[in-house]
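Student: Sequence first, predicted coordinates after that:
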Amino acid sequence: MRTLFTTTIAVLTAATLVACSSTGGGYGSVPEVEIRTGVIEQINATEVKSTHDQGVGAVLGGIAGAGIGSLIGAGTGRDVAIAAGAIAGAIGGNYAQNRYFDKPQAAQRIFVRLRSGVLVAITQPPNPALATGMRVYIEGTGPDARVVPAA
């Protein structure tokens, strides 16, 4: 019986180690980053919508309200207090999120003429080191692309 147990543990350990090993490709590898060069043609000040998740304030407010409501009364009155606290907390949390956290953020829209002649527009947080006519790198692609000064 002990031999069967030891063998089973050894097989499970080996299977776990094989399953966790990496062959160098797939999910464990670092993706390639394309770096493009160009010259800034124009910089415009703009605003972008906040990246805060919608509804988080209502959920957290509802949970807090229900928790506070559970401290009030007993029996049916307690149930009513929990429900009222959850509703009031959700409304208050949603209001607080919209009022204080979902404000537009300052940004810049930068138009860069690449060496290939293609014009690229990148929207990113403000970088006071950038100016029109400056040679720059564009690191990354899509929404993660950023314009940085060329050294």
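Tutor: Structure's in. What do you need?
Student: mind listing the helices for the chain?
Tutor: Counting by DSSP state H, the chain has helices at residues 2-20, 56-69, 76-96.
Student: And for the longest strand along the chain, what's in contact with it?
Tutor: Ordering each strand of the chain by length in residues (DSSP state E) puts strand 35-48 first. By C-beta atoms under 8 Å, 6 or more residues apart in numbering, the list of residues contacting strand 35-48 from outside reads 104-115, 119-120, 123, 126, 130-139, 147, 150. For every residue, glycine as well, the C-beta is placed using N, CA and C.
Student: Direction included, what does it pair against?
Tutor: According to DSSP bridges, strand 35-48 forms sheet pairs with strand 105-114 (antiparallel), strand 135-139 (antiparallel).
Student: Check which residues of the shortest one are buried.
Tutor: Residues 136, 138 are the ones in strand 135-139 that count as buried (16 or more other C-beta atoms under 10 Å).
Student: For that strand, give me every contacting residue.
Tutor: Taking C-beta under 8 Å, 6+ apart as the rule, strand 135-139 contacts 33, 35-40, 110, 112, 114, 120, 122, 130, 145-150.
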